[in-house]
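# okay, here's the prediction I keep looking at, along with the sequence it came from:
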Amino acid sequence: MDDRGIVLIYTFSPFPFGEAASNRIMALAQCIQMAGYKAIVLGNGGEREQDYEPTRKTFVYEGIEYRSYAMAGTGRIASTLNRNNILKIIKKHLAPDEQNRIRIVYATYRNYGLWLHYVLKRILHHPAVVDVTEWHSSNQFGGGRLNPYYWIHNLRIRWLIPRAKNIICITSYLDRFYKQRGCNTVLIPPQVIMENYLRHKNPPLPPVRLFYAGTAAKKDYLDVMLDGLVSLPEIERAKITLTVLGLSRSGFMEQFPRAQYYIDTMQESLQIVGRVSKNEVDQRLSEAHFLILMRPDSRYSRAGFPSKVPEAMAAGVPVITNVTSDLGMYIRDGKNGFIVDGFNASAFADVIHKVVGINDEVFQSMSGEALRTAAHMFDRHMHVTEMKEFLAQSLAAKIDSDIVYYS
C-alpha cells in the first residue's frame, strides 16, 4: 500500500471531524492510499482515545493515521505561531524514518502561505500539493474590495499557489485557471464515502419533504427559495414541508427581513431546527425527498462546488438547484434532480410546482439515479487512477528540477 512513500497531509482544520474540510481530507487521504502511498494527517484538532492503536502507537480512523499538533490552553497568538511552525510539527510528530519517507506535502489553499512555500522549496525540498476548493468574491468580505483580507486571499490564489505547481482543483473553472499558468493539475470534485450514508427511508408522498442544511450566509440564498415557496398557491404549499438545519430560529429572524412572513405563511410546513449533531443530520437527510440549493452566478459559485450536493446524492436524495459550478455535469433534469432555469424565486416556484405532482414511483427512480451518480462520479474509488497519475507527475517534476538545480 505505502511502498511509494508518505504523502504528508498538513492542515489547519481538525481531523477526522469538525469541518467540511475534514470530510474532504478524509476522502482524499483514502484515495491517496489507494494510489499506493501512505497518508499521514497532521491536523489542528484533538486525538480521540477510541482511535488509538497500541500496536502502531498512533491514532487511526478508517485506515488513516493522524496526529494532532494543537496546543491546549494557549492564546490566539501562540496557537497561530504553533500551527504555522511546520518544521517543529514534523520533528515532533513524525519519527525520523517517517520523515525520510516523505515524498509530497499536501496543504489546503487556506494554509499554503509564504512561510510554508519557502520551507518546502528551500529547506525540506518536498513537492507541494495544494488543494484549492474556493475562490471568494469581494462581496463575501466586509467592505468588499477594500478589505485587506480580500487582497490577501486574492494574492494567495492568483500569485502564490501557482508557484506550488501541483494543484488539486475542485472545479473545472479552477482547473482551467491553473492549467493556463503551467501547473500540474487534477480535477477532483467533492468526494464521498458511500458506505457512510444511511439507506434512504423513502417516506411516502405527499408531502414532498424539502431539505436544506447550512449557514445560508453569503453563499446559499435560502431567501430566494423561501420567496418561491410562499408564492405558491395554498393548495400546493400544503403538499410540501421544508426542514432547515444549521440556522437557529433567532438567527433565521435576524438574517431574513421577511422571516416572520415566511413563518406565518408556511406555518407547520417550515421546520427551523438549528444546529444538530452529524448523526441527526444524516438521519433527517435519509428522510428527505429533495435537497434545495440556489446560488447566483459569480466567481465564488463558479470556483467552488457545494459539497452538500454529492452528500445528498450519496444518501439517495435528488437535488433541486440552478446551475452553477460544475453542477450541470452531474445533475440531469427530471432524472436525479430538477434544474431551476434562472436565479430567481419565480423560476424556483415553477420547479416546485412540478415537484408536488410526482408520485412515489417517480421519486424512487430519481432516488436510485442520485445514488448511482454519487457512486459513479463522487465516490473516492473513482478518482484513484487520476490521483496516482497526478502524484507521479508531481514527483517527476521534482526530479527534473533537482537535475537542473544540481547540474
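Everything's here; your move. Numbering: from 1, shown residues only.
# domain-wise, how is this structure divided?
Under the assignment automatic domain parsing, the domains of the chain span 6-191+380-406, 194-378.
# pick out the residue nearest the middle of the protein.
residue 307 (4.4 Å; C-alpha atoms, centre = their mean).
# now do the contacts for the nearest residue to it once chain neighbours are set aside.
Sequence neighbours aside, residue 190 is the residue nearest to residue 307 in space, at 4.0 Å (criterion: C-beta to C-beta, 6 or more residues apart in numbering). Quick note: C-beta positions are derived from backbone N, CA and C, even for glycine. By C-beta atoms under 8 Å, 6 or more residues apart in numbering, residue 190 lies in contact with 24, 27, 170, 305-307, 309-311, 378.
# would you list those residues in JSON lines and tack on secondary structure and pLDDT?
Below are these laid out as JSON lines (DSSP: H, G, I helix; E, B strand; the rest coil; pLDDT from 0 to 100):
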{"residue": "24", "secondary structure": "helix", "pLDDT": "92"}
{"residue": "27", "secondary structure": "helix", "pLDDT": "93"}
{"residue": "170", "secondary structure": "coil", "pLDDT": "97"}
{"residue": "305", "secondary structure": "coil", "pLDDT": "95"}
{"residue": "306", "secondary structure": "coil", "pLDDT": "93"}
{"residue": "307", "secondary structure": "coil", "pLDDT": "92"}
{"residue": "309", "secondary structure": "helix", "pLDDT": "95"}
{"residue": "310", "secondary structure": "helix", "pLDDT": "95"}
{"residue": "311", "secondary structure": "helix", "pLDDT": "94"}
{"residue": "378", "secondary structure": "helix", "pLDDT": "95"}
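# for the residues you listed, which one is nearest residue 387?
Proximity of the contacts of residue 190 to residue 387 (C-beta to C-beta) peaks at residue 27, which lies at 10.7 Å.
# give me the number of residues near the closest residue to the closest one other than its chain neighbours?
Nearest residue to residue 27, sequence neighbours excluded (C-beta to C-beta, 6+ apart): residue 191, at 3.6 Å. Residues lying near residue 191 (other C-beta atoms under 10 Å) number 25.
# and if you look at residue 203?
For residue 203, using other C-beta under 10 Å, the count is 15.
# what of the one 4 residues further on?
By the measure other C-beta under 10 Å, the count of residues near residue 207 is 16.
# mind checking the SS state of the residue lying closest to residue 333 once chain neighbours are set aside?
Computed as C-beta to C-beta, 6+ apart, the closest residue to residue 333 that is not its neighbour in sequence is residue 339, at 4.3 Å. State at residue 339, reduced to three classes by DSSP: H, G, I helix; E, B strand; the rest coil: strand.
# what score does residue 339 have for pLDDT?
We have a pLDDT of 97 for residue 339.
# try residue 398
65.
# low-scoring stretches of the stretch 301-407 of the chain, by residue?
397-407 (pLDDT under 70).
# before we move on, what about the stretch 101-250 of the chain?
Where the stretch 101-250 of the chain drops to pLDDT under 70, the residues are 216-219.
# switch the contacts of residue 190 over to CSV; also include distance to residue 273.
Formatted as CSV, the contacts of residue 190 follow (distance: C-beta to C-beta, whole Å):
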residue, distance to residue 273
24, 25
27, 26
170, 28
305, 25
306, 19
307, 20
309, 20
310, 22
311, 17
378, 26
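# report the buried members of these.
For the contacts of residue 190, a neighbour count by 16 or more other C-beta atoms under 10 Å gives the buried set as 24, 27, 170, 305-307, 309-311, 378.
# and the furthest pair within the residues you listed?
27 and 306 (15.5 Å).
# what about residue 276, how many residues nearby?
14.
# my guess is it contacts residue 244. True?
No - counting by C-beta atoms under 8 Å, residue 276 does not reach residue 244; the two are 11.2 Å apart.
# do you know how far residue 89 is from residue 24?
Relative to residue 24, residue 89 is positioned 21 Å away (C-beta to C-beta, to the nearest Å).
# got the CA positions of stretch 163-182 in CSV?
Provided in CSV are the C-alpha atoms of stretch 163-182 (Å, rounded to 0.1, in the frame of the first residue of the first chain):
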residue,chain,number,x,y,z
ARG,A,163,4.2,28.7,-7.7
ALA,A,164,3.4,25.4,-5.8
LYS,A,165,3.0,23.9,-9.3
ASN,A,166,0.8,20.9,-8.2
ILE,A,167,-2.8,21.8,-7.7
ILE,A,168,-5.9,19.7,-6.8
CYS,A,169,-8.9,21.6,-8.2
ILE,A,170,-12.4,21.1,-7.1
THR,A,171,-14.0,22.5,-10.3
SER,A,172,-13.2,22.8,-14.0
TYR,A,173,-13.1,26.6,-13.5
LEU,A,174,-10.1,26.4,-11.2
ASP,A,175,-8.6,23.6,-13.3
ARG,A,176,-8.5,25.8,-16.3
PHE,A,177,-7.1,28.8,-14.3
TYR,A,178,-4.1,26.8,-13.0
LYS,A,179,-3.5,24.9,-16.2
GLN,A,180,-3.2,28.2,-18.0
ARG,A,181,-0.4,29.1,-15.5
GLY,A,182,1.5,25.9,-16.4
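# do a quick rundown of the helices in the stretch 1-150 of the chain.
With DSSP state H, counting those that start in this stretch applied, the stretch 1-150 of the chain shows helices at 20-34, 76-84, 86-93, 96-100, 114-118, 148-155, listed in chain order.
# quick one: buried residues of the last one?
Using 16+ other C-beta under 10 Å as the test for burial, helix 148-155 gives 150, 153.
# residues making contact with the next helix or strand after that helix?
Using DSSP states H and E, the helix or strand that follows helix 148-155 in sequence is strand 166-169. Under the contact criterion C-beta under 8 Å, 6+ apart, strand 166-169 has outside partners 28, 104, 127-132, 161, 174-175, 178, 183-188, 390, 393-394, 397.
# now do 7 Å
127-132, 161, 175, 178, 183-188, 394 (C-beta atoms under 7 Å, 6 or more residues apart in numbering).
# give the partner strands of it in its sheet and their orientations.
strand 128-132 (parallel), strand 184-187 (parallel) (DSSP bridges).
# among those, which comes closest to residue 280?
strand 128-132 (28.6 Å).
# can I get that closest one as CSV, trimmed to CA atoms?
Output in CSV follows, covering the C-alpha atoms of strand 128-132 (Å, rounded to 0.1, in the frame of the first residue of the first chain):
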residue,chain,number,x,y,z
ALA,A,128,3.9,20.8,-2.5
VAL,A,129,0.4,19.8,-3.5
VAL,A,130,-2.3,22.5,-2.8
ASP,A,131,-6.0,21.6,-2.7
VAL,A,132,-7.9,24.6,-3.9
